[in-house]
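K.L.:
I would like the atomic coordinates for the input below:
(chains A, B and C)
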Amino acid sequence: MIVTLLTDYGREDDFVGVCHGVIRSIDADAQIVDITHGIPRYAVRQGAIVLRNTLPYMPVGVHIAVVDPQVGTERRAVALRTADGRMLVGPDNGLLSLAWQRCGGVEIAVDVTRSQHRLEPVSATFHGRDIFAPVAAHLAAGAELADAGDPLEPDKLVTVDLPEPRRRDGAIVAHALVVDRFGNAGLNVHHDDLAGSGITLGGTVELEVGGERYLATYAQTFADVRPGELLVYEDAYRTLAVAINRGDAASTLGLRPDAEVRLRPQ
Amino acid sequence: MIVTLLTDYGREDDFVGVCHGVIRSIDADAQIVDITHGIPRYAVRQGAIVLRNTLPYMPVGVHIAVVDPQVGTERRAVALRTADGRMLVGPDNGLLSLAWQRCGGVEIAVDVTRSQHRLEPVSATFHGRDIFAPVAAHLAAGAELADAGDPLEPDKLVTVDLPEPRRRDGAIVAHALVVDRFGNAGLNVHHDDLAGSGITLGGTVELEVGGERYLATYAQTFADVRPGELLVYEDAYRTLAVAINRGDAASTLGLRPDAEVRLRPQ
Amino acid sequence: MIVTLLTDYGREDDFVGVCHGVIRSIDADAQIVDITHGIPRYAVRQGAIVLRNTLPYMPVGVHIAVVDPQVGTERRAVALRTADGRMLVGPDNGLLSLAWQRCGGVEIAVDVTRSQHRLEPVSATFHGRDIFAPVAAHLAAGAELADAGDPLEPDKLVTVDLPEPRRRDGAIVAHALVVDRFGNAGLNVHHDDLAGSGITLGGTVELEVGGERYLATYAQTFADVRPGELLVYEDAYRTLAVAINRGDAASTLGLRPDAEVRLRPQ
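P.N.:
Predicted coordinates for the structure are as follows:
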């Protein structure tokens, strides 16, 4: 069965490799997909967004996510099954919540903090290795979810909230949610949110960030504007994003997750 | 079947993981090899060189390459079979050309821009996910290449050119083609090109780069010179390269792809 | 069979992907686990420590390690079997030694420098591709270890030494051994070494590094101290480590591998 991994572990150390080893030690036939290990350290909400966006492209399987600033404290470790049959495993800090909401909600959840599947002794700092990977591997190998931990009411699971875009003085007040390594910044705005705003494909958009104003083209793709020019476009996950063709919009405009971005037609 | 990937996506974001998920969703038994995702962004020619160099070490299979500055424009997406039985999938911008030339040429090519295998709706910016990965996965699962797109004359495929070394005033005028993360710079010169130049293994070579001159040893391996010393050596792909033992030749000498390097015996 | 890889190759270039391709060309069914490719360049001892720490989490298989500053010189290439049935393949420079010591010692060793399994012609700089990967893949596919090279007395294998902690003037004089990408620094001290030192869980520890003194809490996990505060904790491999919650202890304190750290109760 497929086991996917999404973490903030990075690829430079041995954290990811050790999780792979633990999974294969339990389920030799597991197919492992590393969705990403580049979530910024401790960025729970950004991890939740990326998991929600990418899960539809993964085969149905067991999906581990670890962005876990409270590792070793009283926060719960959980495993759950969604209405569409996926199993999610990770810390109960909201990281899994956007994904399960997109997958039809939670059918059953268990607290795996003291799961029979965990590796003893459990360290205080590496639950990816000692709890999440072995629990997921046993599930992938056919173990029952109900046997992986203690019953937990799904409505007790922690969730994360996303800011909503709003209109103000003729502008759409949006927020940057995620920034990729190219400096492209995804906003909490869909193309549909632009209805009646006066912003149209091919037109010019004024972006206000941190008190500074910039002009961008609302384009379909990078190559529609010249190198060095700003564009707004519908990104691969169907949300609006800000980019500079062959450049880095996030650093040029000072766009970090949660930064407010006002869009106006020009 | 083996599916290999070579891109400029980097490993920090979810681009690579999503392509893996798409491939496994279509062909659960695919064996995926990530040749590299560290091609410098948009460096089509460098990607073409690395694909050509590494493909002989890959099992025969389906080989995806994506370095695609024109994604979302009219540039074609293509799939092709080489004379030695490999299938190559990627943008039609020359990225695949050095590889197919080394593999005996193109037997059959198709334009997969509107392939029946693509994921709808196709985004304007992520054809790795929406076109190249699904087309390759269907081919790996046994689909016919001719059914993957529209027929295309092989001689209409875009190619890249490499600079040729030449002799001038007793020097070999070469160019840096690729630079690795250690700062080792591969040149467009083979050992055979040195015949009659006066440059011999174990001797000293003068390197002229950007108007500055440096002395290097023509050695077999790094440890043949002291730490911090320059060497020229035949690299693992049988081309001459410039390095500093335990140092970074590219940044020390200002060697970037396309930089001219003149070599003279000393 | 499982083949694991631990190297200093990094993930940006094609070195790792080419080794994967070579392995799969020989043993199409190999399951490959990348323990890490982020060992600092040429850091043999750090690689030896990470291999020793992580191997217990890997299924029994063939384990390649490459940190190889003397590649292409007279240093031997070796393959060996440990008492607990693992096969280790790499340069004979001590890199494998801490791992085989933990795995019960060496049962049989062979010099694979001129192995029948190597790829000809063998380059002077990329033995991962030309010797270690093909030898390991043939072993994974069932070849006999004794047939992979020339017999070698196990006690002729090179080993690495680790500094031992000592007591002096009421302090424990320790050394940093490894530093991860978060700046957490692992020391050569176990919790048991603290017996009688006056340092106790929950108490305050004075750290002396490079003539400067710092106060840290001896805690169980990061979140036990406030963001920005120093802690000493038992890390996931059961050795003491120094960290800053949500910060970078190594750069803040100037802690590099081999740096001396004095710990005193406060």
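
K.L.:
ok, and the closest non-adjacent residue to the closest residue to chain C within the stretch 151-266 of chain A?
P.N.:
In the stretch 151-266 of chain A, the residue found nearest to chain C is A:Arg181; the distance is 12.3 Å by C-beta to the nearest C-beta. (Each C-beta comes from the backbone N, C-alpha and C, glycine too.) Nearest in space to A:Arg181, with sequence neighbours left out and distances taken as C-beta to C-beta, 6 or more residues apart in numbering or on different chains, is B:Glu12 at 4.3 Å.

K.L.:
and the stretch 101-250 of chain A, which residues reach chain C?
P.N.:
For the stretch 101-250 of chain A, the residues in contact with chain C (C-beta under 8 Å from any C-beta of the partner chain) are A:123-126, A:129-130.

K.L.:
Now for those: which two are most distant?
P.N.:
Greatest spacing in these, by C-beta to C-beta: A:Ala124 and A:Arg129 (11.9 Å).

K.L.:
number of nearby residues for the residue of the stretch 151-266 of chain A closest to chain C?
P.N.:
15 (other C-beta atoms under 10 Å in any protein chain shown).

K.L.:
what sits against it?
P.N.:
A:38, B:10, B:12-13 (C-beta atoms under 8 Å, 6 or more residues apart in numbering or on different chains).

K.L.:
out of these, who's nearest A:Gln266?
P.N.:
Closest to A:Gln266, out of all of the contacts of A:Arg181 and judged by C-beta to C-beta, is B:Asp13, at 30.3 Å.

K.L.:
State whether that closest one is indeed within a helix.
P.N.:
No. Per DSSP: H, G, I helix; E, B strand; the rest coil, B:Asp13 lies outside any helix segment and is coil.

K.L.:
Find the residue closest to it in space, skipping its chain neighbours.
P.N.:
A:Asp180 (4.6 Å).

K.L.:
The one you found: how many residues sit nearby?
P.N.:
For A:Asp180, using other C-beta under 10 Å, the count is 20.

K.L.:
from what I can see it touches B:Tyr9, true?
P.N.:
No. With contacts counted by C-beta atoms under 8 Å, A:Asp180 stays clear of B:Tyr9, the gap being 9.7 Å.

K.L.:
The residue of the stretch 101-250 of chain A found nearest chain C and A:His138, how far apart?
P.N.:
Residue of the stretch 101-250 of chain A nearest chain C, by C-beta to the nearest C-beta: A:Phe126 (3.6 Å). Distance from A:Phe126 to A:His138, counting by C-beta to C-beta, to the nearest Å: 18 Å.

K.L.:
List the residues that contact the residue nearest to B:Asp13.
P.N.:
So A:Asp180 contacts A:186, B:12-13 (C-beta under 8 Å, 6+ apart).

K.L.:
May I ask which of the residues you listed has the most neighbours?
P.N.:
Neighbour counts for the contacts of A:Asp180 peak at A:Gly186, which has 25 neighbours (criterion: other C-beta under 10 Å).

K.L.:
From what I see, that one and A:Asp235 are in contact.
P.N.:
Yes. The pair A:Gly186 / A:Asp235 is scored as a contact, 5.8 Å apart, by C-beta under 8 Å.

K.L.:
one step back: return the closest of the residues of the stretch 101-250 of chain A next to chain C with respect to C:Asp111.
P.N.:
A:Arg129 (35.1 Å).

K.L.:
Report the contact partners of the closest one.
P.N.:
A:15, A:18-19, A:22, A:119, A:123, C:57, C:236.

K.L.:
what about it, distance to A:Pro121?
P.N.:
12 Å.

K.L.:
I'd guessed A:Ile64 sits against A:Leu6; true?
P.N.:
Yes. Using C-beta under 8 Å, A:Ile64 is in contact with A:Leu6, at 7.2 Å.

K.L.:
So for the two, which residue has more residues nearby?
P.N.:
More crowded of A:Ile64 and A:Leu6, by other C-beta under 10 Å: A:Leu6, with 30 against 27.

K.L.:
Would you verify that the more buried one is located in a helix?
P.N.:
No. A:Leu6: not assigned to a helix; according to three-state DSSP it is strand.

K.L.:
beta partners of it?
P.N.:
A:Thr36, A:Ala65 (DSSP bridges).

K.L.:
A:His190 now?
P.N.:
Beta-bridge partners of A:His190, as defined by DSSP bridges: A:Thr239.

K.L.:
gap between the residue of the stretch 51-200 of chain A found nearest chain C and A:Val122?
P.N.:
Nearest to chain C, among the residues of the stretch 51-200 of chain A, is A:Gly72, at 2.8 Å (C-beta to the nearest C-beta). Going from A:Gly72 to A:Val122 by C-beta to C-beta gives 9 Å.

K.L.:
now A:Asp27
P.N.:
Taking C-beta to C-beta, one finds A:Asp27 at 20 Å from A:Val122.

K.L.:
neighbour-wise, which of those two wins?
P.N.:
Under the neighbour definition other C-beta under 10 Å, A:Asp27 and A:Val122 were set side by side, and A:Asp27 has more, 22 against 17.
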